[in-house]
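> Sequence and computational prediction follow.
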Amino acid sequence: MTLRSATRIVGALSVLAFSAAIAWSQQPPGFNPQPAPEIPFDSVPDPVKLPPNMHFGEVTGVATNSKKHVFVFSRGNTSGPAYAAAAAQLLEFGPDGKFIREIGKGLYAWSFAHAVRIDRQDNIWAIDKGSDMIVRFNPEGRVTMVFGRKQEASDEDTKPLEHPVPPKAAEDGRFRQPTDVAFGPDGSIFISDGYINSRVAKADKNGLWLKSWGDRGNKEGELNTPHSIAADAAGNVYVADRGNRRIQVFDGEGKFLRIMTMDVPFDEKARPAIGNMPTLQQYQRNLTQSPGAPWTVCITPPPNQVLYASDAYPGRIYKLSLDGKVLGWLGAAGKQPKQFGWIHEIACPSENELYVAELLNWRVQKLILHPAPQKRAAR
């Protein structure tokens, strides 16, 4: 090998190393890539069918019940000025996607839709970020339980909630922009609260307030925008700690158990669903848009439970075991079928059937997954 050839090789290696360093510099803080397989999937056309005179706004929530009915919570039915619109509409569809009814039309709690969940008794739970309320409907659509209280319109100090840092002390029974609800095997109720309080609240099956845990921060047990919540068959609670780019797991009493992350390699040239290409500086300022920052958590029914979560950029869904191993991923940001515009909630009635609610695309997609068959261990 000549000196000139050696010099060229060294130069080429230096360029590659420099390129790798530049690429790595765009990764969010704490990103530790762990390869996982891509899961093939299909998107079912028109999974829910609206009447001709009805439209979705931003679709914030989707859930299914034991009869395979689909419930969609949307920032539709908007009224009021743009700066303080009342935007929440809860709709029910049959297993064939046919529209059945609107639930809670004109409800006092309706302000700014955030999530919908169905419990084991097929009660319907709506979480409204704008009114700071969580409302339970029975299967017939009547209100049977209410958490929280909205501000009184007649009060002179009523205004949009402030976001002080650090937040003001939380108060039992009240919420500041709650995000989601989950249910333990004994009927316990867990509420993620939320954009301001950054905690988890617990009540018993009768609605009696028991306790809360968590506060704003990034240490174990601390939270920064707990955006979604789910519980497994053992009663453990999984919190999408979006602002800290992680899922935190607690037992039913709030004891910290572990942290789960979704550090799957991604194409740094991938376009976001909206906005400019993210940079390292943006990641450092706001982890919400970082790859692997969980906007959602959903756990499939027993006996073989897995967890699904999603991020806004690069706009993927992740499949995880309950101990935190990433089993696969699917999708990307975009506007076409099989692409996603800020998935805000996932319903997972089975391991290979998902419904996703999208903010930016104003729609619900039904996904059918086709994971590769698992190889049997040799005997």
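Looks like it arrived, so ask away.

> Give the helix, strand or coil label for residue 211.
Of the three states, residue 211 takes strand according to DSSP: H, G, I helix; E, B strand; the rest coil.

> Hmm, it is touching residue 202, no?
Yes. Here residue 211 reaches residue 202: they are 5.2 Å apart, a contact under CB atoms under 8 Å. C-beta: built from backbone N, CA, C; applies to glycine.

> Compare the two (neighbour count), which wins?
Between residue 211 and residue 202, counted using other CB atoms under 10 Å, the more crowded position is residue 202 (20 against 11).

> Tell me the spacing between the more buried one and residue 142.
Residue 202 sits 25 Å away from residue 142, going by CB to CB, to the nearest Å.

> swap in residue 157?
For residue 157, the distance to residue 142 equals 33 Å [CB to CB].

> more crowded one of those two?
residue 142 (10 against 6).

> what about stretch 214-231, how long is it end to end?
Taking CA to CA, to the nearest Å, stretch 214-231 runs 17 Å from one end to the other.

> Show me what the mean pLDDT comes to for it.
In this model, stretch 214-231 carries a mean pLDDT of 96.

> sec struct for residue 105, please.
Following three-state DSSP, we place residue 105 in the coil state.

> if we can go back for a sec, give me the common contacts of residue 211 and residue 202.
Here residue 211 and residue 202 have residue 254 as joint contacts, going by CB atoms under 8 Å, 6 or more residues apart in numbering.

> Other residues contacting stretch 162-180?
114-115, 117, 127-130, 132-134, 147-149, 161, 191-199, 201, 209, 212, 215-216, 225-229, 345.

> Recalculate using a threshold of 7 Å.
Stretch 162-180 is touched from outside by 114-115, 127, 129, 132, 134, 148-149, 161, 191-199, 209, 212, 216, 226-229, with contacts defined as CB atoms under 7 Å, 6 or more residues apart in numbering.

> And stretch 70-78, by the same measure?
48, 55-64, 85-93, 112-113, 115-116, 118, 124, 126, 355, 357, 364.

> Can you say which of those are buried?
Among the contacts of stretch 70-78, those classed as buried by 16 or more other CB atoms under 10 Å are 48, 56-64, 85-93, 112-113, 115-116, 118, 124, 126, 355, 357, 364.

> Among these, which ones are in strands?
Judged by DSSP state E, these include 58-64, 89-93, 113, 115-116, 118, 124, 126, 355, 357, 364 as members of strands.

> so where's the protein uncertain?
In the prediction, the chain carries residues with pLDDT under 70 at positions 1-26, 83, 374-379.

> Show the contacting residues for the most centrally placed residue in it.
Centroid check for the chain by CA atoms, centre = their mean gives residue 296 as the closest residue, at 1.7 Å. Residue 296 sits next to 228, 240, 309, 310, 343, 344, 345, 346 when contact means CB under 7 Å, 6+ apart.

> Neighbour-wise, give me the winner out of the residues you listed.
residue 345 (31 neighbours).

> Okay, and the beta partners of that one?
residue 357 (DSSP bridges).

> gap between the two ends of stretch 108-127?
End-to-end span of stretch 108-127 (CA to CA): 13 Å.

> ignore the last one, stretch 309-317
Length of stretch 309-317, first residue to last, CA to CA: 6 Å.

> Go through that stretch and list whatever outside residues touch any part of it.
By CB under 7 Å, 6+ apart, the residues outside stretch 309-317 that reach it are 240, 247, 262, 266-267, 270, 272-273, 278, 289, 291-297, 308, 318, 320, 329-333, 340, 342-343, 346.

> for it, the distance to its chain's centre please.
Centroid separation for stretch 309-317 versus its chain: 9 Å, with CA atoms, centre = their mean, to the nearest Å.

> Stretch 167-174 too?
Distance, stretch centre to chain centre, for stretch 167-174: 23 Å (CA atoms, centre = their mean).

> Please enumerate the strands of the stretch 251-379 of the chain.
256-260, 296-299, 307-310, 317-320, 326-330, 343-350, 353-358, 363-369 (DSSP state E, counting those that start in this stretch).
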